[in-house]
Structures are given as structure tokens and as C-alpha cells.
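Enquirer: The following comprises the amino acid sequence and a computationally predicted model.
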Amino acid sequence: MKIVITYGTFDLFHVGHIRLLKRLSLLGDKLIVGLSSDEFNAGKGKKSFFSYKERAEILESCKYVTEVFAEHNWQQKRNDIIKYQADVFAMGDDWEGKFDDLNDICEVIYLPRTEDVSTTEIKSALSKVNAEELDRIESTLHNVIDIVKSLSK
Ligand code: C2G
């Protein structure tokens with residue numbers, strides 16, 4: 001039984017996440033995910049849109065994922081790998097080299113990220129939509145005000 005372990009926030013679940021989890025699941029028989037807690041995210045300078053509970057529910061519904069547990073800090077990986085008897089620790093390659101110290105207890109692999117999609121880009125695109133929508137509403141209101149003014153003369 002080959003066990004693969006990975007970690008992440010997995011907020012606003014997108015194709016980058018699912019493609020990584022699919023590739024990770026092909027590396028072994030079980031894929032276990034350390035999901036960043038809301039408090040740990042705050043420490044990473046991230047505020048996830050969905051709570052830990054919601055993000056865990058989404059991951060647990062993913063056919064590639066066997067089990068989800070909470071990631072509370074940067075230091076727990078070594079103990080987790082031993083606890084879950086993980087044979088492979090794998091992450092997207094934006095983390096290339098960052099966890100090589102774990103290669104004394106398991107294989108450490110970094111897989112290419114999916115380009116052009118990220119939680120940050122999704123949030124930024126949505127915020128632009130809100131701003132553009134507000135601009136449209138504001139200009140419409142100004143038009144209505146102008147019409148009312150012209151009618152009241
Ligand atoms: N990922 C990817 N392609 C993307 C976006 C993310 O392959 N377009 C991968 C990342 O490389 C990571 C995983 O998906 O391996 C989860 O990404 P995040 O949710 O952004 O997690 P991160 O903030 O990198 O937290 O202790 C490790 C941290 O918890 C990792």
C-alpha cells in the first residue's frame with residue numbers, strides 16, 4: 001500500500017487543484033491531504049473564502065482523496081509522514097526544493113503547477129467584476145437623475 005501525502009489551502013477549488021490531486025493519486029494507492037486550518041492560513045497571510053470545514057467537505061468529496069486532516073503549522077509534516085506512514089510527499093513545483101529535508105523519511109516530489117489559474121487570480125477577477133458592476137450602476141443612476149432633472153424643469 002503506497003501512501004502519498006500533500007498539503008494546501010485548496011480554497012475556491014479549481015482545476016489546478018483537481019489536476020494536481022489526480023496526478024498525486026496516480027503516484028500511489030492512497031492520497032492523504034493536510035488541509036490548512038483557518039488559523040494557519042492567517043499565519044500564511046491568506047484569508048480563505050471558504051472555512052476549513054467547507055474546504056474539507058469539498059476535498060473529502062473528491063474521488064482522488066482518501067483522507068483529509070488539519071494542517072496547523074509548518075513543522076508538523078515530519079510527524080504526519082511518520083503517523084500516516086507516507087511513502088511519498090508531493091507538492092506543486094511552486095514549492096520546489098522547500099521540503100527536500102523530508103527526503104530522509106520519504107520520497108519528495110514536486111509536480112508542475114497548472115498555469116493560469118489560482119485562487120488569488122479568481123479573487124482578483126471577481127473583485128474587478130464587482131467594481132465594474134458598481135460603475136455601471138452608478139452611471140445608470142446618474143442618467144436617471146439627469147432625466148428626472150430635465151422632466152422637472
Ligand atoms: N496548485 C497547482 N496549480 C495551481 C494552483 C495550485 O498545482 N494552479 C497546487 C499547489 O502547488 C499546491 C496545491 O495545489 O501543491 C495547493 O495549493 P494552495 O491551496 O495554494 O496551497 P498553498 O498555499 O501552496 O499551501 O504546507 C504547505 C502549504 O499548506 C501549501
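Expert: Nice, I can see it.

Enquirer: any idea where the strands of the chain begin and end?
Expert: 3-8, 30-36, 67-71, 88-92, 107-111 (DSSP state E).

Enquirer: other SSEs contacting the first one?
Expert: Helices and strands touching strand 3-8, by 3 or more Cβ pairs under 8 Å, 6 or more residues apart in numbering; DSSP states H and E, are helix 15-25, strand 30-36, helix 77-83, strand 88-92. Heads up, the C-betas are built off the backbone N, CA and C, glycines and all.

Enquirer: likewise the second one?
Expert: Contact here means 3+ Cβ pairs under 8 Å, 6+ apart; on that basis strand 30-36 packs against strand 3-8, helix 15-25, helix 52-60, strand 67-71.

Enquirer: Of all these, which one is nearest D93?
Expert: helix 15-25 (10.0 Å; Cβ to Cβ).

Enquirer: on contacts alone, who are the packing partners of the closest one?
Expert: Helix 15-25 packs on strand 3-8, strand 30-36, strand 88-92, strand 107-111, going by 3+ Cβ pairs under 8 Å, 6+ apart.

Enquirer: All good on my end, thank you.
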